[in-house]
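Asks: Kindly generate the corresponding structure for this input.
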Amino acid sequence: MSVQRTADNRMLPPTSHAAVSRHYAWYMLAILTAINFVNYVDRQVIISLGPFIQDDLALSNLQFGLLGTAFMLIHSLATVPFGILSDRWLRHKIIALGVLFWSAATLLSGITTNFLSLLGARAAVGIGEAAYAPPANAMLSDVFPARERARILGLFNVGMFSGGAVGLILGGILGELIGWRAAFFLVSLPGFLLGALAWRLREPTGVTLRKHTPIKVLLHNRLLFYVLVGGVITAFSAGALIWWMPQFVIRVRQFRPRDAGIYIGTVGVTAGLLGVIIGSYLADWLYARWSWGRMATIGVGLILSSPFVILSLYATNRLVLMGYFFLAIFFMVWYTGPIIAVIHDVVPPDLKATAQALYIFLIHLFGDTFSPAIVGQLADMYSLQTALLLPAIINTVGGVIFLAGCRIITREIQRNRALSAEAIEELPRTGTLNR
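Replies: Numbering: from 1, shown residues only. Alright, predicted model coming up:
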């Protein structure tokens, strides 16, 4: 946030965006979105490479599942310290080092020879990727106006959905064509170039930090509680669907494994792109009129997604199934841009990355880290079709929680603006002095 003063040197509230050119802000968005794309390719490619890895290294289903669990646990735990650091040091350097680290770890994944070495490599990928999202989102919030925040963060997260889908598709194709080891080598390469570009990004020259706000302030933010609980529920549902829907269409609807990856990946990327963009623009349009517009968009989207998840589970025609699944994803991902925008709206400027890191930590630790195992256990007890009703049901619960938060968001935004306007000591972000 840039800080301005009056002629008599009184501090004014932080402006909505930092003093960088519009052209450079869009360049920064393009670089960070490309990194986000590579981030999710490297994260998701292992899912489709699973059969090839299991055959070559003789991994059990439990061991393969632990590769995903180890990644998410390490990623969750590492996010918080990186988030705190991002509010105090140059964010573009944290991003660059993280990208280079996870790209090297992805490359090393291709030369592992047993379960433990691959487990270590995937855990290292989790550490590198933990250094990315909080500083990247905070930088984008600083260089674009607040009124555009949801749509800009939505565009940034287009990289997440497209990268995740491409990772799923590439894993199956590359695994057959060149083998799983070469696939890891290939997908790691773009990260080294993007890491170098990130290192050369400029911190917004107007970004300054006040005397650091105590982190405990976040504990008294009532709206943040609604966002965190709703986010955990959403992540639980998303994690279960990402992990189990490919298995559902293979086991229950008799898709070939390669076809399953292509169908799910294609539907996921198209529905995800449309949903993220439309949901983000809708959220900003509503926010310009009512302060609760972004929260309402998230809640309504989650509730609308629930019946389409259920319908996709009971559709027997492939095209109808994919049509319902398309609509389920389309509405569900409305939350992607607005949810980080809401967090940045209601927390102090020097705690944006920390608050998002807390959000990421909690949604992964209590959301998608264990949801595949829980749904798997229910599938063993009943059936996979019945087990996947759980994500559909809890989407409705999450939607209701976000709608309930609409009642208090205006008060929290006003409270945050009052805190931001206090005349307290101004401190430059470490490393940005005299830039």
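
Asks: Please count neighbours and contacts with C-alpha atoms only from this point.
Replies: Noted.

Asks: Could you tell me how many residues sit around Phe225?
Replies: Per other CA atoms under 10 Å, the neighbour tally for Phe225 reads 15.

Asks: typo on my end, it should be Met332
Replies: Residues lying near Met332 (other CA under 10 Å) number 31.

Asks: Can you tell me how far it is from Tyr281?
Replies: For Met332, the distance to Tyr281 equals 15 Å [CA to CA, to the nearest Å].

Asks: Val99 now?
Replies: Note on Val99: its distance to Tyr281, by CA to CA, is 29 Å.

Asks: More neighbours: these two, which one.
Replies: Val99 (32 against 23).

Asks: Please identify the helix or strand for the more buried one.
Replies: Val99 is located in helix 91-109, with elements delineated by DSSP states H and E.

Asks: Could you list the residues in contact with the helix or strand following that helix?
Replies: Using DSSP H and E, the next helix or strand after helix 91-109 towards the C-terminus is helix 115-130. When contacts are defined by CA atoms under 8 Å, 6 or more residues apart in numbering, helix 115-130 is touched by residues 39, 43, 57, 59, 63, 66-67, 70-72, 74-76, 78-79, 82, 97-103, 105-106, 108-109, 112.

Asks: And helix 115-130, how far out from the chain middle?
Replies: How far helix 115-130 lies from its chain's middle: 18 Å, per CA atoms, centre = their mean, to the nearest Å.

Asks: Next: stretch 56-65.
Replies: 27 Å.

Asks: Need the pLDDT of the residue nearest to Ala30 when sequence neighbours are not counted.
Replies: Nearest non-adjacent residue to Ala30, counting by CA to CA, 6 or more residues apart in numbering: Phe156, 8.0 Å away. On the pLDDT scale, Phe156 is placed at 87.

Asks: what packs against the helix holding Val99?
Replies: Packing partners of helix 91-109 (3 or more CA pairs under 8 Å, 6 or more residues apart in numbering; DSSP states H and E): helix 22-57, helix 115-130, helix 133-143, helix 180-199.

Asks: out of those helices, nearest to Leu388?
Replies: Taking CA to CA, helix 22-57 is the member of these nearest to Leu388, at 18.7 Å.

Asks: Pull out the buried positions in that closest one.
Replies: Of all the residues in helix 22-57, those buried under the rule 16 or more other CA atoms under 10 Å are 25, 28-29, 31-53.

Asks: contacting residues for Gly367?
Replies: Contacts of Gly367 (CA under 8 Å, 6+ apart): 232-237, 239.

Asks: Kindly indicate which of the residues you listed lies nearest Ala183.
Replies: Closest to Ala183 out of the contacts of Gly367 is Gly239 (23.6 Å), distances taken as CA to CA.

Asks: what about that closest one, neighbour count?
Replies: Residues within reach of Gly239, counting by other CA under 10 Å, total 20.

Asks: In this structure it contacts Ser371, no?
Replies: Yes: Gly239 is within contact range of Ser371, at 6.2 Å (criterion: CA atoms under 8 Å).

Asks: my guess is Ile31 meets Leu194, correct?
Replies: Yes: the criterion here is CA under 8 Å, and Ile31 meets it with Leu194 at 7.4 Å.

Asks: Since that was my last question, I'll sign off now.
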